[in-house]
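1. Can you look at this prediction? I've put the sequence above it.
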Amino acid sequence: MRYFVQGRNGGPEKGPFTLHELHDSAVRGLVRESALVREESGEKWMRLHQVFALANHAAGIPEPRRDEAVVPPKDEGSFWWGFLIGAVTGVIGLIITLTSDRPSKTRIGAATGFFVQVVVGFGVRAYLLRGRG
């Protein structure tokens, strides 16, 4: 079976393409699965992902269950990058990091870096004051 793809913004339709060609184009990012397509001999437009689902159903391929879906790992950020921000830029870097949408490890690193900077600063000041007295 062959399909036409509706052009962007109501532009001219393109095709016809085989289902295999459409799948390859979708994988390569050349066509979105939300694109409107119709069978070569049909009038009804539907989303490409619906055509893929119907083809899989006709071939006896079950749709993936939600718990089987591949979920990309969440970006947790970098503790050491946050530590560097907090230690070098101090309270300003800490505030910027904590109020931004930075990942959790970056925030924890920034807070740790800031507090290490404070502790080291007090330690150095205490050492210098003790040397004068």
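-> Happy to help now that I have it. These numbers come from a predicted model, not from an experiment.
2. contacts and neighbour counts: CA atoms only from here.
-> Noted.
3. Could you check the helix or strand encompassing Gly131 and say which residues are buried?
-> With elements taken from DSSP states H and E, the one containing Gly131 is helix 104-132. Neighbour counts over helix 104-132 (16 or more other C-alpha atoms under 10 Å) mark 104-117 as buried.
4. Hmm, which of these is lowest in pLDDT?
-> Least confident by pLDDT among those: that is Ser104, with 83.
5. quick one: contacts for the closest residue to it other than its chain neighbours?
-> Using C-alpha to C-alpha, 6 or more residues apart in numbering and skipping the chain neighbours, the partner closest in space to Ser104 is Glu76 (5.6 Å). By C-alpha atoms under 8 Å, 6 or more residues apart in numbering, Glu76 lies in contact with Pro103, Ser104, Lys105, Thr106.
6. phi, psi of Glu76?
-> Per-residue torsions, Glu76: phi -90, psi 0 (degrees, to the nearest 10).
7. Which pLDDT value goes with it?
-> Confidence for Glu76, expressed as pLDDT, is 78.
8. Let me see the contact set for the closest residue to Gln117 other than its chain neighbours.
-> Closest residue in space to Gln117, ignoring its immediate chain neighbours: Ala87 at 5.3 Å, by C-alpha to C-alpha, 6+ apart. For Ala87, the contact set (C-alpha under 8 Å, 6+ apart) comprises Ala110, Gly113, Phe114, Phe115, Val116, Gln117.
9. Distance to Arg8 added to these, as TSV?
-> Formatted as TSV, the entries for these read as follows, by distance: C-alpha to C-alpha, whole Å:
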residue	distance to Arg8
Ala110	45
Gly113	50
Phe114	51
Phe115	54
Val116	55
Gln117	55
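10. ok, of these, which one's closest to Arg38?
-> Using C-alpha to C-alpha, the shortest approach to Arg38 within these belongs to Ala110, at 53.2 Å.
11. Sweet, I'm off.
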